[in-house]
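Engineer: Sequence and predicted structure are below.
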Amino acid sequence: MYDYWLIGAIVVMFIGVLGTFLPVIPGVSLIFLAMVGYGFSEGFQKMTPLFLGLNLVVVLLSGGLDYIGTAWGARRFGASSSGTWGAVAGGLLGLVTFGPIGLVAGPFIGAVAGEIWHGRSIDSALEAGVGTVLGLAGASALRFLLAIGMLVAFIWRIW
């Protein structure tokens, strides 16, 4: 029975790694839940509270990466504070309203709208919008690396 939990946890973790690029799947959170599930199966001997606590910190940090990356990308490409806040608000609203597509389109539209509202030209507004998408892509890449790190740490820990 112990082996089934291990195989199940690793399969769920690989799905979680895919979830770092597929917004429908809560990637890093899923990896953490697989660790906790495996911990229950083995009596928390290898999945110690300290190990799980450190991984929980990674989960919490990764949760804010989209918003941090969006804001950073907007600022890096010259967005004003209106464009930056528009990008973050657009990301939240887009995700809630349009699901995974809104997670990408929302920050772009929000940054562009914020820049236009701030009185910037269309070209500047579009540049800020592109910056938000690039920041979001960078955040996804970082979240992928965190997920791989969690998976490697899990495998290292159990062997």
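Structural biologist: Arrived safely. Numbers count the residues shown, from 1 in each chain.

Engineer: Figure out how far the longest helix along the chain is from the centre of its chain.
Structural biologist: Longest helix in the chain, counting residues (DSSP state H): helix 122-158. Offset of helix 122-158 from its chain centre (Cα atoms, centre = their mean, to the nearest Å): 7 Å.

Engineer: Just name whatever secondary elements the helix or strand containing Val59 is in contact with.
Structural biologist: Using DSSP states H and E, Val59 sits in helix 49-63. When contacts are defined as 3 or more Cβ pairs under 8 Å, 6 or more residues apart in numbering; DSSP states H and E, helix 49-63 packs onto helix 27-42, helix 122-158. All C-beta spots, glycine's among them, are computed from the backbone N, C-alpha and C.

Engineer: Between helix 49-63 and the helix or strand of the chain with the lowest mean pLDDT, find me the angle.
Structural biologist: Lowest by mean pLDDT, DSSP states H and E among the helices and strands of the chain is helix 65-76, with a mean of 85. Interaxial angle, helix 65-76 versus helix 49-63 (axes from the mean of the first three to the mean of the last three Cα atoms, to 10 degrees): 40 degrees.

Engineer: If you count neighbours, what's buried in helix 65-76?
Structural biologist: Leu65, Asp66, Tyr67, Gly69, Thr70, Ala71, Trp72, Gly73, Ala74, Arg75 (16 or more other Cβ atoms under 10 Å).

Engineer: between the residues you listed, which is nearest Gly114?
Structural biologist: Taking Cβ to Cβ as the measure, Gly114 lies nearest Ala74 of the buried residues of helix 65-76, at 8.4 Å.

Engineer: Surely the closest one touches Ser81?
Structural biologist: No - using Cβ atoms under 8 Å as the test, Ala74 is too far from Ser81 to be in contact (9.5 Å).

Engineer: Show the secondary-structure elements that the one helix or strand Phe14 maps to is packed against.
Structural biologist: In the assignment (DSSP H and E), Phe14 maps to helix 2-19. With contacts defined as 3+ Cβ pairs under 8 Å, 6+ apart, helix 2-19 has these neighbours: helix 27-42, helix 122-158.

Engineer: buried stuff in it?
Structural biologist: The neighbour-count check on helix 2-19 (16+ other Cβ under 10 Å) flags Trp5, Ala9, Ile10, Val12, Met13, Gly16, Val17, Gly19 as buried.

Engineer: With respect to Leu142, which of those residues is nearest?
Structural biologist: Out of the buried residues of helix 2-19, the member with the shortest distance to Leu142 (by Cβ to Cβ) is Val17, at 13.4 Å.
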